[in-house]
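S.K.: model this:
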Amino acid sequence: MKSFKDSAGREWNIVINVGQISRLRDRLNIDLAKLYESEARLYKEVVLDPVAFVNLLFVICEKQAAEKQVTDVQFGEGFDGDTYELAMEAFEEEMLLFFPKRQRETLTRAKTKGEEIRTKAIEIAHTRLNNLNVTEAAERMLSGSLTN
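M.R.: The predicted structure is shown next:
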C-alpha cells in the first residue's frame, strides 16, 4: 500500500486490487487493468489529466474520505502541483505492485526508462534556457510580428 499527503496534511492510502478496479469501471468507466495498453492512451487521459486523476483517486480513497468527513470537493481542493506529483508517484508504484511479477518487471523497466527520458528532457530544456540569448530572441519575435 502506497500513500501520499495532500496540501492540507491529510494522509491517503492507495490500494489497487480487483475490487478497486471493478469500482472504477462501474463509477468512472475507467479500466485500470488496461492502463498501460494501446500506447498508454488511457494513462494520458486519466493520470496526466489532473481532474480525471483526482476523481479516480477520490473513488479509490472514498472510504477514507468518509471516515475523515472529507467531501469530493474538499478532496480535490487538497491538491496542488506538488501533491499531484506525489499522488501520481504513489499511484504508479501501487499500480506496478498490482500486476503479476513478469508483467511488473517489464512495466518497471518501462517506467524507469520513461523517468530517464523526462530527466534528460528537463536537462536539455534547462541548457537551452541558460544559453538563450534574450536579445536575439526578442528581435526575431519583433521582426516576425512586424512583417505579418
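
S.K.: surely Ser3 is in a strand?
M.R.: Yes - secondary structure assignment places Ser3 in a strand (DSSP: H, G, I helix; E, B strand; the rest coil).

S.K.: next one: phi and psi at the closest residue in space to it that isn't next to it in sequence?
M.R.: In space, and not counting its chain neighbours, Ser3 is closest to Asn13: 4.7 Å by CB to CB, 6 or more residues apart in numbering. For the C-beta atoms, the positions are set from N, CA and C on the backbone; glycine is no exception. Backbone torsions of Asn13, given as degrees, to the nearest 10, read phi -100, psi 130.

S.K.: okay, Asn13: pLDDT?
M.R.: Confidence at Asn13, expressed as pLDDT, is 98.

S.K.: quick one: contacts for it?
M.R.: 1-3, 61, 64 (CB atoms under 8 Å, 6 or more residues apart in numbering).

S.K.: let's see it at 7 Å
M.R.: Asn13 is in contact with 1, 3, 64, counting by CB atoms under 7 Å, 6 or more residues apart in numbering.
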